[in-house]
Structures are given as structure tokens and as C-alpha cells.
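> Everything below, folded, please.
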Amino acid sequence: MLDLTIDRYSEKNQGDFERLWVPWLKDSMGIVPQKEDVEEVRNPEEKYIRGGGMAFYANMEAECVGVVAVKKLNESEYEFCKLVVHEKARGRGLGKKLVQRCIDFVKEVDGTALYLQSFHQLAVAVNMYQKMGFEDCDAPKGMLVVARTEIIMKMDIGSAS
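Below you'll find the predicted structure:
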């Protein structure tokens with residue numbers, strides 16, 4: 001059985017977000033990351049955590065093979081962003097586990113909703129989001145909608161208490 005953990009950001013994963021996400025966007029999607037994207041994945045502590053969000057890392061056999069960030073949008077709403085699982089670890093349900101960890105995080109901090117941005121080319125991911133309960137919606141207050149976004153989805157989260 002593989003040793004798999006979903007961990008919060010720590011020094012041991014410094015650099016992993018950029019290492020996984022930038023090549024995925026370039027090679028798999030054919031998209032050059034925007035300056036803001038690179039700054040976010042290079043500095044998850046500054047760009048996500050200090051603002052009330054979190055970055056999560058899927059570590060398999062002590063190697064980081066997946067990443068996702070949760071960004072606080074406003075008083076009670078959050079967005080998960082930059083989800084990627086390395087190709088060698090796909091097909092093991094890691095994407096779903098990372099999204100579930102984001103949902104759990106929003107519950108832990110008494111958030112009311114979790115949003116995401118995606119595009120049609122990621123049909124497998126969009127289908128997974130729909131099966132998990134995300135629904136199409138408009139952008140909420142505080143969401144910076146990137147130019148490549150074609151789909152915005154939301155999951156209402158009940159209070160954790």
C-alpha cells in the first residue's frame with residue numbers, strides 16, 4: 001500500500017507548488033502562466049495562507065505529487081485554485097482527495113461557500129466537481145476571474161458547528 005498523505009503547507013514542500021503547477025499549465029494546457037500565477041505558486045504562504053486560506057500537498061512515498069490552494073475571497077467565502085496532480089499519480093483519486101480537503105478546510109473555518117474556476121478542456125475535472133456537488137454560478141465578491149476561465153462553480157457549505 002502506498003504511503004499517501006494530504007498535508008498543509010510546510011517548509012518541506014517549499015517549491016513543490018511551482019514545480020508541479022507551472023509545467024502542467026504549459027505542457028498539458030498549452031498556456032503560459034500569467035505573472036500573478038507564478039507569484040502565487042512561488043509564494044503560497046504570502047498569497048494564500050496569510051490571507052486566511054491554505055495550501056495543501058499530496059505526498060506519496062515522501063514525494064509531492066499534487067497541490068491545491070484555498071484562497072479567502074471575502075468574510076465567509078473561499079475559492080480553491082491551482083489544483084494539479086502529477087501525471088504519474090493520476091487515476092488514484094488524489095484530485096478528489098485534495099478537493100475534499102479544501103471542503104473540509106472551509107468547514108473548519110466556518111466558511112459558507114467554496115468556489116472554483118476552470119475551463120472546458122478539463123472535462124474530467126469539471127465532471128468530478130459536478131459529482132462532488134459543485135454547481136455553475138456567477139463570480140462572487142472578491143474573486144479575481146482570470147482570462148482563461150470559462151466555468152465558475154460553487155458548493156454551499158453548511159456551518160461546521
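> C-terminal to the helix ranked longest in the chain, which secondary structure element comes first?
Counting by DSSP state H, the longest helix found in the chain is helix 94-108. In the C-terminal direction, the helix or strand that comes right after helix 94-108 (DSSP states H and E) is strand 113-118.
> Give me the contact list for that following strand.
By Cβ atoms under 8 Å, 6 or more residues apart in numbering, the list of residues contacting strand 113-118 from outside reads 70, 73, 76-81, 83, 102-103, 106, 125-126, 129, 134, 137, 139-140, 143, 145-146, 149-157. In short, each C-beta sits where N, CA and C put it, glycine included.
> Name whatever forms a beta bridge with the residue nearest to Leu4 when sequence neighbours are not counted.
Once flanking residues are discounted, Leu4 sits nearest to Met60: 5.0 Å by Cβ to Cβ, 6 or more residues apart in numbering. Met60 has these beta-bridge partners by DSSP bridges: Leu4, Glu63.
> Show me the contacts of strand 113-118 that map onto helices.
Those of the contacts of strand 113-118 lying in helices (DSSP H): Cys102, Ile103, Val106, Ala125, Val126, Tyr129.
> and of these, the nearest to Tyr48?
Tyr48 lies nearest to Cys102 out of those, by Cβ to Cβ, at 11.1 Å.
> and the next element down the chain from the worst-scoring helix or strand of the chain on mean pLDDT?
Lowest by mean pLDDT, DSSP states H and E among the helices and strands of the chain is helix 29, with a mean of 77. Sequence order places helix 35-42 as the next helix or strand after helix 29, per DSSP H and E.
> just checking, what packs against that next one?
Judged by 3 or more Cβ pairs under 8 Å, 6 or more residues apart in numbering; DSSP states H and E, the packing partners of helix 35-42 are helix 16-23, strand 77-85.
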